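Student: No letters, just coordinates:
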């Protein structure tokens with residue numbers, strides 16, 4: 001009996017993400033470590049999460065996601081003007097560069113320089129993949145459900161181990 005991925009399962013997987021023109025933007029194989037996620041746990045984009053449900057250990061699947069199932073459309077309200085004096089004196093202002101920012105509450109996040117002017121910069125706070133259709137090649141390596149782990153080598157009980 002094979003175990004299939006269902007919502008709530010913890011899954012170990014590899015993936016390769018590409019844009020519609022074939023440009024690779026992420027690859028867990030080249031990082032040398034699989035990704036571990038809880039399916040339906042809010043860690044993945046909707047389309048990727050949905051594609052995992054029903055997959056079996058060892059299965060490979062290629063999916064194409066439109067903007068709505070990926071990172072969504074570009075939000076025009078997610079651009080902010082920041083005075084250049086807010087940055088260190090030697091900061092290299094280069095359009096397209098990612099910059100670390102801190103909000104009034106001390107929360108940290110990353111933005112991308114969209115425009116550079118004489119006294120200010122316009123920062124894009126959208127996710128870098130917003131507004132893009134994406135492709136993924138996914139490989140499920142293992143599924144952990146309750147007290148068992150299913151891998152390509154078989155099922156083993158983890159009950160009583162901590």
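Tutor: That came in fine, so what should we check first? Remember, predicted model here, so these are calculated numbers, not experimental data.

Student: buried residues in stretch 56-72?
Tutor: 57, 59, 63, 65, 67, 69, 70, 71, 72 (16 or more other C-beta atoms under 10 Å). C-betas here are computed from N, CA, C, even on glycine.

Student: backbone phi and psi for the residue positioned nearest the centre of the chain, please?
Tutor: Closest to where the C-alpha atoms of the chain average out (C-alpha atoms, centre = their mean) is residue 44, at 6.1 Å. With angles defined as degrees, to the nearest 10, residue 44 sits at phi -120, psi 160.

Student: right, and it touches residue 38 too?
Tutor: No - at 9.1 Å, residue 44 does not count as touching residue 38 under the criterion of C-beta atoms under 8 Å.

Student: just how off-centre is stretch 50-68 within its chain?
Tutor: Relative to the chain's own centre, stretch 50-68 is displaced by 14 Å; criterion: C-alpha atoms, centre = their mean, to the nearest Å.

Student: Same check on stretch 80-99?
Tutor: Stretch 80-99 has its C-alpha centroid displaced from the chain centroid by 25 Å (C-alpha atoms, centre = their mean).

Student: got it, and stretch 83-103?
Tutor: From the chain centre to the centre of stretch 83-103 is a distance of 24 Å (C-alpha atoms, centre = their mean).
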